[in-house]
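Asker: mind folding the following:
(2 chains)
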Amino acid sequence: MFPELFDTRPMRRAIDDSLNWVVRHWGDEFEAAAYPLLMLLKAIEDLLIATPWWLIMAILTGIAWLATRSWKLPAVVLVSLLFLGVMTLWKDAMTTMALMITATITAIVLSIPLGVWMSRSLNVRKIFTPVLDLMQTLPSFVYLIPTVMIFGPGKIPALIATIVYAAPPLVRLTDLGLRSVDPAVMEASRSFGTNPSQRLFGVQIPLALPTILAGINQTTMMALSMVVIASMIGAGGLGYQVLQGIGRLEISRGLLAGLGIVALAIIFDRVTQSFGKQLQGRIGLAEAR
Amino acid sequence: MNAMNPILQQGETTSDLAIAMRGVTKIFGDNPQHALNLLQSGKSKTEVQAETNHVVGLDNVSLDIARGQIFVVMGLSGSGKSTLIRHVNRLIEPTAGEIVVNGSDVLKMSLPELRTYRRSQVAMVFQKFGLLPHRSVIENVAYGLEVRGVGKAERLKEAAKWIEIVGLSGYENSAPRQLSGGQQQRVGLARALALDTEIILMDEAFSALDPLIRSGMQDQLIELQKSLGKTILFITHDFDEALKIGDRIAVLKDGAVQQEGKPEDIVLRPANEHIEEFVREVNKARAIHVRSIMEKGEHEPCEASVSKDARCEDVLPLFAEHQWVGVVDQEGRQIGRVTAKQVIKALARYTPGIG
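Answerer: The predicted structure is shown next:
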């Protein structure tokens, strides 16, 4: 046994007490701060549920066609969506999709500026890299429970947990993409008297876009992989069906809802990947690899 | 300032110079000041590097580049030539020295002033082209104008004009990667020319091209310079290229200027062994102008004559028929004459063993 060097109980108690203090005194403020996030999620969810099923199918299939210009991916998307509809999972799928889209949008808004900042400063990168490591490796329940204590069970803690888990790859890939832009092109741009924002928006971001898109792809996938855990604290959707299936030992319910999550994953993974490839081709990076 | 850093004297005629560099020294590393002191106390580049682990990029470089000429800086890789050209538009900050372009001190410019200077006074062409891969050819050519804030219609019109001049009509909407190396560098050249700056910096602009394409681009550059009267600072590692296009040449080694002068001066009177090595390999018949070896004066008119821009290789065939070949200026007046003997003497002068 490792010798007990000092009593850790006071320290632990202090942590517990301070969280309780925060919950008691700042709970309302936190909830108010997260309110816009909840509104966004509600709006997207309501929109998806109110939209007729055939319109959503048409839009997603159309996007798939735009991304590839061939019939294969649209066919895969259509079959996946039909599966969700036939298995009476449509409404749950829309709820899950809303959670994923909201988490992805929030992650994009937060991660891309952070990635830009990291790509420009070595110190910022040194500070945030371990934070990102922590966000990805810390078991999600560890931060799920405090967020539930602060916000109460429901969609908000589910959304926050999903964002915490799904945002890091986008930050990393934004940083990487911006830093790996050909230095010769950057220098040429500098020689023409560009200011930093002209270089960022005119050269760096367009050339890093395929990498950033790969980050968005990762974020959507990781957000989907959180839906079961998120549904434990009230996110609903396909994850809830899986939980119920397990709870009632209804294997069929769990299996079908699980396959529904896979169907969603296939749709969003393939579509974002195809857009990435299309972009790479357009700026001539595909041949270089 | 000590004697190593001659500073521009009051009243010195820098205003008719396009670019004046005085005692420019660049040391790469964390503590360049210490290395600079060592260098100024007379230590060599290798000694400074061994002692301080700092690399000397440029060592007390002073150059005068007059308006309207092609000035070539020639050196092998590692000689500091690419570092030198980047000082002119301050892509690299010098450790010591002074750089005056069109009468204004580049090193004293604030960041906004520097941007304005880059947008309006110096354009640059790069060895690796540096084209924006996500933009079409015409958008690349218009890039400098876009940065300068020129309206869309006007900049596209201007870009189209320059695309035509460099001979890329029909490729306006192609992507850079669809073009060959030579065509891509034409885009790079058009992009620099479209800015209509007085000074153009060319960093090994033709080094990545095939020999035939390169020769064509050199001819085109000479043509363009004649018609536009730009000041061109051209960097190359190729002595033949330097002799072909340069009005003046500076030879750089270990970051220091070894010799500076007209191409003939360098070929006929190499300052040291290092330059002699280059000269030995060179086609002297192409390098030496007949006017620099002719017998000056208004002699009796010769039957055959060449222009004063002719080189030795141009007169050689004429000696099969004629004893004397005249040299005439633009108006057709004879300003001198040469014999085969003089040409042979000039060509043979530095060949080892004959001396």
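
Asker: find the nearest non-adjacent residue to the closest residue to chain B within chain A, please.
Answerer: In chain A, the residue that lies nearest chain B is A:Ala188 (2.8 Å; C-beta to the nearest C-beta). C-beta: built from backbone N, CA, C; applies to glycine. Setting aside the residues directly before and after it, A:Ala188 is nearest to B:Gly130 in space (C-beta to C-beta, 6 or more residues apart in numbering or on different chains), at 2.8 Å.

Asker: how many other residues sit next to residue 98?
Answerer: Let's take chain A. Burial of A:Ala98 is recorded as 25 neighbouring residues (other C-beta atoms under 10 Å in any protein chain shown).

Asker: I was thinking of chain B, sorry if that wasn't clear
Answerer: By other C-beta under 10 Å, the residues close to B:Glu98 number 21.

Asker: in what helix or strand does the residue of chain A closest to chain B lie?
Answerer: Using DSSP states H and E, A:Ala188 maps to helix A:183-191.

Asker: so which other helices or strands are in contact with the helix or strand following that helix?
Answerer: Under the assignment DSSP H and E, the closest C-terminal helix or strand after helix A:183-191 is helix A:196-199. Where contact means 3 or more C-beta pairs under 8 Å, 6 or more residues apart in numbering or on different chains; DSSP states H and E, helix A:196-199 is packed against helix A:183-191.

Asker: before we move on, back to that, for the residue nearest to A:Ala188, list the residues it contacts.
Answerer: Applying C-beta atoms under 8 Å, 6 or more residues apart in numbering or on different chains, one finds that B:Gly130 lies in contact with A:Ala184, A:Val185, A:Glu187, A:Ala188, A:Ser189, A:Ser191, B:Gly188.

Asker: check what contacts the helix or strand harbouring B:Thr46 and list those residues.
Answerer: Counting by DSSP H and E, the element that carries B:Thr46 is helix B:45-52. Helix B:45-52 is contacted by residues B:27, B:29, B:31, B:34-35, B:38-39, B:43, B:54-56, B:59, B:254-256 when judged by C-beta under 8 Å, 6+ apart.

Asker: now do 7 Å
Answerer: Where contact means C-beta atoms under 7 Å, 6 or more residues apart in numbering or on different chains, the residues beyond helix B:45-52 that reach it are B:Gly29, B:His34, B:Ala35, B:Leu38, B:Leu39, B:His54, B:Val55, B:Val56, B:Asp59, B:Asp254, B:Gly255.

Asker: ok, which pair from those residues is furthest apart?
Answerer: Farthest pair in the contacts of helix B:45-52 (C-beta to C-beta) is B:His34 and B:Asp254. Separation: 19.4 Å.

Asker: out of those two, which sits in the busier spot?
Answerer: More neighbours surround B:Asp254 than the other of B:His34 and B:Asp254, with 18 against 15 (other C-beta under 10 Å).

Asker: mind listing the helices for the stretch 1-150 of chain B?
Answerer: B:32-40, B:45-52, B:81-88, B:111-120, B:137-141, B:143-148 (DSSP state H, counting those that start in this stretch).

Asker: poorly predicted segments of the chain, please.
Answerer: Going with chain A. Low-confidence segments of chain A, defined by pLDDT under 70, span residues A:284-289.

Asker: switch to chain B, please.
Answerer: In chain B (pLDDT under 70), the answer is B:1-15, B:349-355.

Asker: who in it is up against chain A?
Answerer: When proximity is defined by C-beta under 7 Å from any C-beta of the partner chain, chain B lies next to chain A at B:89, B:91, B:115-116, B:118-119, B:124, B:126, B:128, B:130, B:132-134, B:143-144, B:147, B:175, B:177.

Asker: for the nearest residue to B:Lys262 once chain neighbours are set aside, which residues make a bridge with it?
Answerer: Distances taken as C-beta to C-beta, 6+ apart place B:Arg248 nearest to B:Lys262, at 6.0 Å, with adjacent residues excluded. Under DSSP bridges, the beta-bridge partners of B:Arg248 are B:Phe71.
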